[in-house]
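Visitor: fold the following.
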Amino acid sequence: MSQAAVQVAGSEDLGRRYARRSSANARARAQSHANSAYGGPTSNSLVSEARKYIGTNPTGRGSLWCGAFMDLVLKRTGHAGGGNLASAYARYGTRVGGPQIGAIAVMGRRGGGHVGVVSGVDANGNPIIVSGNHNHTVAEAVYPAGRIHAYMLPGG
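Guide: Below you'll find the predicted structure:
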């Protein structure tokens with residue numbers, strides 16, 4: 001192999017390593033704020049799919065994109081999409097009485113709503129949720145239990 005080919009191959013390898021490191025750094029930054037949490041290992045497909053995007057914005061939208069992120073995660077796990085509006089998820093699937101791993105958590109907020117997928121429950125009974133547009137990125141964080149309006153399990 002020529003010297004130039006070795007340099008190109010080395011550059012490509014370095015680029016791949018840098019890309020992995022950048023992704024890991026983005027995830028670490030997304031989880032570095034005060035209420036970040038990790039809901040623990042799970043085999044739930046919604047949680048696993050949502051976690052793939054921690055530290056990113058896979059929707060390409062600039063604002064109000066938590067519903068679009070939930071829609072993306074649902075579709076990529078073989079479910080019907082639920083649309084772009086967080087409030088629409090209060091009518092998506094089957095309502096359950098409390099947080100369950102893989103349930104969709106629908107929340108209210110000033111000026112609208114928020115939605116994400118439950119990845120765990122903390123020691124105080126508060127849900128740990130992976131959601132889009134959490135501080136402008138996908139993140140996993142603890143939310144106050146009182147903020148949740150509905151927990152919905154998606155169907156087939």
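Visitor: use CA for all of it now, contacts and neighbours both
Guide: OK.
Visitor: give the residue spans of this protein that score low on pLDDT.
Guide: 1-37, 39-40, 156 (pLDDT under 70).
Visitor: can you point me to the longest strand in it?
Guide: strand 112-121 (DSSP state E).
Visitor: let me know the next secondary structure element after that strand.
Guide: Next helix or strand after strand 112-121 toward the C-terminus (DSSP states H and E): strand 127-134.
Visitor: just the residues contacting that following strand, thanks.
Guide: 37-39, 47, 50-51, 57, 63-67, 69-70, 99, 105, 115-122, 138-145 (C-alpha atoms under 8 Å, 6 or more residues apart in numbering).
Visitor: so how do I select the buried members of those residues in ChimeraX?
Guide: Those of the contacts of strand 127-134 that count as buried under 16 or more other C-alpha atoms under 10 Å are selected in ChimeraX with:
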select :37,38,39,47,50,51,57,64,65,66,67,69,70,99,105,115,116,117,118,119,120,121,138,139,140,141,142,143,145
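Visitor: helices - which of the contacts of strand 127-134 land there?
Guide: Mapping these onto helices (DSSP state H) picks out 47, 50-51, 66-67, 69-70.
Visitor: the nearest residue to A103 once chain neighbours are set aside: what's it in contact with?
Guide: Spatially, and ignoring its direct neighbours in sequence, A103 is nearest to L153 (4.7 Å; C-alpha to C-alpha, 6 or more residues apart in numbering). Neighbour list for L153: 92-96, 102-104 [criterion: C-alpha under 8 Å, 6+ apart].
Visitor: can you pull the contacts of A105?
Guide: 99, 115-118, 129, 148-152.
Visitor: done for today, thanks.
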